[in-house]
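**Q** what's the 3D shape of this:
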Amino acid sequence: QNRFSDYEKRKEQKMLEKLEFERRLELGQREHTQLLQQSSSQKDEILQTVKEEQSRLEQGLSEHQRHLNAERQRLQEQLKQTEQNISSRIQKLLQDNQRQKKSSEILKSLENERIRMEQLMSITQEETESLRRRDVASAMQQMLTESCKNRLIQMAYESQRQNLVQQACSRFHRCPAEPVGKTQCSGAPDRDRPAALDALFFLPCMWLALLPPSRAPGLCGPPLGPCRCGNFSPLS
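**A** Next up is the predicted model:
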(Lines give C-alpha, C1' and ligand atoms only; values in the text may rest on other atoms or scores of the structure.)
Protein backbone atom coordinates (compact mmCIF):
# COMPACT_ATOMS: atom_id res chain seq x y z
CA GLN A 1 0.00 0.00 0.00
CA ASN A 2 2.83 2.31 0.66
CA ARG A 3 4.17 1.50 -2.76
CA PHE A 4 0.84 2.15 -4.30
CA SER A 5 0.62 5.35 -2.36
CA ASP A 6 4.06 6.27 -3.54
CA TYR A 7 3.10 5.29 -7.05
CA GLU A 8 0.00 7.41 -6.86
CA LYS A 9 2.00 10.26 -5.51
CA ARG A 10 4.52 9.87 -8.25
CA LYS A 11 1.74 9.55 -10.75
CA GLU A 12 0.09 12.70 -9.48
CA GLN A 13 3.42 14.28 -9.42
CA LYS A 14 3.95 13.25 -13.03
CA MET A 15 0.52 14.51 -13.95
CA LEU A 16 1.18 17.78 -12.24
CA GLU A 17 4.48 18.05 -14.04
CA LYS A 18 2.77 17.09 -17.28
CA LEU A 19 0.09 19.71 -16.73
CA GLU A 20 2.71 22.21 -15.79
CA PHE A 21 4.66 21.32 -18.89
CA GLU A 22 1.57 21.59 -21.06
CA ARG A 23 0.68 24.82 -19.41
CA ARG A 24 4.16 26.13 -20.00
CA LEU A 25 4.11 24.77 -23.52
CA GLU A 26 0.78 26.41 -24.18
CA LEU A 27 2.05 29.56 -22.58
CA GLY A 28 5.18 29.35 -24.71
CA GLN A 29 3.13 28.72 -27.81
CA ARG A 30 0.90 31.62 -26.91
CA GLU A 31 3.89 33.81 -26.32
CA HIS A 32 5.39 32.55 -29.57
CA THR A 33 2.15 33.31 -31.37
CA GLN A 34 2.04 36.71 -29.76
CA LEU A 35 5.65 37.22 -30.70
CA LEU A 36 4.85 36.11 -34.24
CA GLN A 37 1.88 38.42 -34.33
CA GLN A 38 3.93 41.23 -32.83
CA SER A 39 6.74 40.46 -35.24
CA SER A 40 4.32 40.43 -38.15
CA SER A 41 2.73 43.64 -36.92
CA GLN A 42 6.14 45.23 -36.41
CA LYS A 43 7.18 43.91 -39.79
CA ASP A 44 4.12 45.48 -41.37
CA GLU A 45 4.78 48.70 -39.46
CA ILE A 46 8.42 48.60 -40.51
CA LEU A 47 7.42 47.88 -44.09
CA GLN A 48 4.91 50.70 -43.95
CA THR A 49 7.49 52.95 -42.40
CA VAL A 50 10.02 51.90 -45.01
CA LYS A 51 7.46 52.48 -47.75
CA GLU A 52 6.59 55.87 -46.32
CA GLU A 53 10.26 56.74 -45.91
CA GLN A 54 10.99 55.49 -49.41
CA SER A 55 8.08 57.50 -50.78
CA ARG A 56 9.28 60.52 -48.85
CA LEU A 57 12.81 59.97 -50.09
CA GLU A 58 11.58 59.52 -53.65
CA GLN A 59 9.51 62.69 -53.31
CA GLY A 60 12.52 64.52 -51.86
CA LEU A 61 14.72 63.14 -54.60
CA SER A 62 12.18 64.20 -57.22
CA GLU A 63 11.92 67.64 -55.66
CA HIS A 64 15.69 67.85 -55.41
CA GLN A 65 15.99 66.71 -59.02
CA ARG A 66 13.50 69.36 -60.11
CA HIS A 67 15.43 71.91 -58.08
CA LEU A 68 18.68 70.73 -59.66
CA ASN A 69 17.13 70.88 -63.12
CA ALA A 70 15.83 74.40 -62.45
CA GLU A 71 19.21 75.44 -61.05
CA ARG A 72 20.99 73.88 -64.02
CA GLN A 73 18.60 75.68 -66.39
CA ARG A 74 19.20 78.94 -64.53
CA LEU A 75 22.96 78.39 -64.63
CA GLN A 76 22.78 77.59 -68.34
CA GLU A 77 20.78 80.77 -68.97
CA GLN A 78 23.19 82.75 -66.83
CA LEU A 79 26.16 81.21 -68.63
CA LYS A 80 24.56 81.97 -71.98
CA GLN A 81 23.87 85.55 -70.89
CA THR A 82 27.44 85.85 -69.60
CA GLU A 83 28.80 84.55 -72.90
CA GLN A 84 26.62 87.03 -74.78
CA ASN A 85 27.81 89.85 -72.50
CA ILE A 86 31.44 88.79 -72.97
CA SER A 87 30.96 88.59 -76.73
CA SER A 88 29.27 92.01 -76.71
CA ARG A 89 32.08 93.48 -74.59
CA ILE A 90 34.70 91.96 -76.87
CA GLN A 91 32.89 93.43 -79.88
CA LYS A 92 32.63 96.77 -78.12
CA LEU A 93 36.33 96.65 -77.21
CA LEU A 94 37.18 95.86 -80.81
CA GLN A 95 35.02 98.76 -81.99
CA ASP A 96 36.58 101.05 -79.36
CA ASN A 97 40.02 99.89 -80.45
CA GLN A 98 39.10 100.58 -84.06
CA ARG A 99 37.74 104.02 -83.14
CA GLN A 100 40.84 104.75 -81.07
CA LYS A 101 42.98 103.67 -84.00
CA LYS A 102 41.01 105.96 -86.30
CA SER A 103 41.16 108.74 -83.69
CA SER A 104 44.91 108.20 -83.37
CA GLU A 105 45.26 108.36 -87.14
CA ILE A 106 43.10 111.51 -87.23
CA LEU A 107 45.13 113.07 -84.39
CA LYS A 108 48.35 112.12 -86.15
CA SER A 109 47.03 113.64 -89.37
CA LEU A 110 45.97 116.78 -87.50
CA GLU A 111 49.37 116.94 -85.81
CA ASN A 112 51.11 116.59 -89.17
CA GLU A 113 48.80 119.26 -90.60
CA ARG A 114 49.56 121.51 -87.61
CA ILE A 115 53.29 120.97 -88.07
CA ARG A 116 52.95 121.68 -91.79
CA MET A 117 50.92 124.83 -91.08
CA GLU A 118 53.48 125.91 -88.47
CA GLN A 119 56.23 125.36 -91.02
CA LEU A 120 54.25 127.31 -93.61
CA MET A 121 53.57 130.04 -91.06
CA SER A 122 57.25 130.07 -90.13
CA ILE A 123 58.20 130.29 -93.81
CA THR A 124 55.53 132.97 -94.34
CA GLN A 125 56.75 134.88 -91.30
CA GLU A 126 60.32 134.59 -92.51
CA GLU A 127 59.28 135.76 -95.98
CA THR A 128 57.21 138.56 -94.43
CA GLU A 129 60.11 139.53 -92.20
CA SER A 130 62.46 139.38 -95.17
CA LEU A 131 60.09 141.50 -97.27
CA ARG A 132 59.65 143.91 -94.39
CA ARG A 133 63.40 144.19 -93.93
CA ARG A 134 63.75 144.60 -97.69
CA ASP A 135 61.05 147.29 -97.71
CA VAL A 136 62.64 149.00 -94.72
CA ALA A 137 66.06 148.83 -96.36
CA SER A 138 64.59 150.13 -99.62
CA ALA A 139 62.79 152.92 -97.78
CA MET A 140 65.93 153.77 -95.84
CA GLN A 141 67.95 153.67 -99.08
CA GLN A 142 65.39 155.94 -100.72
CA MET A 143 65.43 158.24 -97.70
CA LEU A 144 69.22 158.32 -97.75
CA THR A 145 69.15 158.94 -101.50
CA GLU A 146 66.61 161.74 -101.08
CA SER A 147 68.57 163.13 -98.15
CA CYS A 148 71.82 163.04 -100.14
CA LYS A 149 70.05 164.52 -103.14
CA ASN A 150 68.52 167.28 -101.04
CA ARG A 151 71.88 167.84 -99.40
CA LEU A 152 73.58 168.08 -102.77
CA ILE A 153 70.84 170.41 -104.04
CA GLN A 154 71.19 172.53 -100.92
CA MET A 155 74.96 172.59 -101.25
CA ALA A 156 74.66 173.50 -104.94
CA TYR A 157 72.09 176.17 -104.10
CA GLU A 158 74.29 177.59 -101.32
CA SER A 159 77.28 177.63 -103.62
CA GLN A 160 75.31 179.21 -106.47
CA ARG A 161 73.75 181.74 -104.12
CA GLN A 162 77.15 182.73 -102.79
CA ASN A 163 78.40 183.08 -106.37
CA LEU A 164 75.36 185.19 -107.29
CA VAL A 165 75.83 187.40 -104.28
CA GLN A 166 79.51 187.82 -105.04
CA GLN A 167 78.77 188.50 -108.73
CA ALA A 168 76.04 191.00 -107.82
CA CYS A 169 78.29 192.80 -105.39
CA SER A 170 81.14 192.80 -107.88
CA ARG A 171 78.84 193.98 -110.65
CA PHE A 172 77.40 196.69 -108.46
CA HIS A 173 80.85 198.08 -107.83
CA ARG A 174 82.27 197.59 -111.33
CA CYS A 175 79.53 198.07 -113.94
CA PRO A 176 79.27 201.76 -115.21
CA ALA A 177 76.18 203.38 -116.70
CA GLU A 178 75.14 202.43 -120.27
CA PRO A 179 73.02 204.42 -122.72
CA VAL A 180 69.27 204.20 -122.43
CA GLY A 181 68.91 202.93 -126.00
CA LYS A 182 70.93 199.70 -125.35
CA THR A 183 69.04 196.72 -123.87
CA GLN A 184 71.93 194.63 -122.47
CA CYS A 185 75.69 194.47 -122.16
CA SER A 186 77.97 191.48 -122.46
CA GLY A 187 79.84 192.08 -119.25
CA ALA A 188 81.82 195.00 -120.59
CA PRO A 189 81.58 198.36 -118.83
CA ASP A 190 78.77 200.51 -120.21
CA ARG A 191 79.72 204.04 -119.42
CA ASP A 192 76.58 205.72 -120.84
CA ARG A 193 73.96 203.86 -118.60
CA PRO A 194 72.97 205.53 -115.33
CA ALA A 195 73.87 203.70 -112.12
CA ALA A 196 70.26 203.90 -110.89
CA LEU A 197 69.12 201.82 -113.91
CA ASP A 198 71.60 199.06 -113.02
CA ALA A 199 70.34 199.08 -109.47
CA LEU A 200 66.78 198.50 -110.72
CA PHE A 201 67.93 195.29 -112.47
CA PHE A 202 70.36 193.57 -110.09
CA LEU A 203 68.95 194.54 -106.65
CA PRO A 204 65.88 192.25 -107.07
CA CYS A 205 68.25 189.53 -108.26
CA MET A 206 70.29 189.90 -105.09
CA TRP A 207 67.14 189.80 -102.97
CA LEU A 208 65.97 186.56 -104.61
CA ALA A 209 69.43 185.05 -104.33
CA LEU A 210 69.38 185.59 -100.58
CA LEU A 211 66.05 183.70 -100.17
CA PRO A 212 66.05 179.94 -99.30
CA PRO A 213 65.06 177.52 -102.09
CA SER A 214 61.69 176.71 -100.50
CA ARG A 215 60.49 180.32 -100.78
CA ALA A 216 62.20 181.62 -103.88
CA PRO A 217 60.19 179.62 -106.48
CA GLY A 218 56.90 180.32 -104.70
CA LEU A 219 57.45 184.05 -104.66
CA CYS A 220 59.03 184.62 -108.02
CA GLY A 221 57.89 181.62 -110.09
CA PRO A 222 60.63 179.85 -112.02
CA PRO A 223 64.30 180.47 -111.28
CA LEU A 224 65.83 183.68 -112.50
CA GLY A 225 66.96 184.00 -116.09
CA PRO A 226 69.87 186.06 -117.29
CA CYS A 227 69.79 189.64 -116.15
CA ARG A 228 70.42 192.64 -118.28
CA CYS A 229 74.02 192.66 -117.13
CA GLY A 230 74.62 189.11 -118.38
CA ASN A 231 76.26 188.07 -115.07
CA PHE A 232 73.34 186.08 -113.53
CA SER A 233 72.43 182.55 -114.65
CA PRO A 234 69.42 180.35 -113.77
CA LEU A 235 69.47 178.48 -110.44
CA SER A 236 68.45 175.13 -111.88
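
**Q** what about the helices in this protein?
**A** Using DSSP state H, the helices of the chain run over residues 2-174, 195-210, 216-220.

**Q** ranking the ones you listed by burial, who's on top?
**A** Relative to the other members of those, helix 195-210 carries the highest mean neighbour count by mean count of other CB atoms under 10 Å, namely a mean of 15. C-betas here are computed from N, CA, C, even on glycine.

**Q** pLDDT on that one, on average?
**A** When the per-residue pLDDT values of helix 195-210 are averaged, the result is 47.

**Q** swap in stretch 53-64?
**A** Averaged across stretch 53-64, pLDDT comes to 89.

**Q** next one: stretch 39-47
**A** Per-residue scores along stretch 39-47 average to 84.

**Q** ok, now stretch 131-147?
**A** What stretch 131-147 shows for mean pLDDT is 86.

**Q** got it, and stretch 81-88?
**A** The predicted model assigns stretch 81-88 a mean pLDDT of 92.

**Q** now find how far off-centre that stretch is within its chain.
**A** How far stretch 81-88 lies from its chain's middle: 36 Å, per CA atoms, centre = their mean, to the nearest Å.

**Q** again with stretch 136-156
**A** Taking the mean C-alpha point of stretch 136-156 and that of its whole chain, the gap between them comes to 53 Å (CA atoms, centre = their mean).

**Q** before we move on, what about stretch 43-57?
**A** 83 Å.
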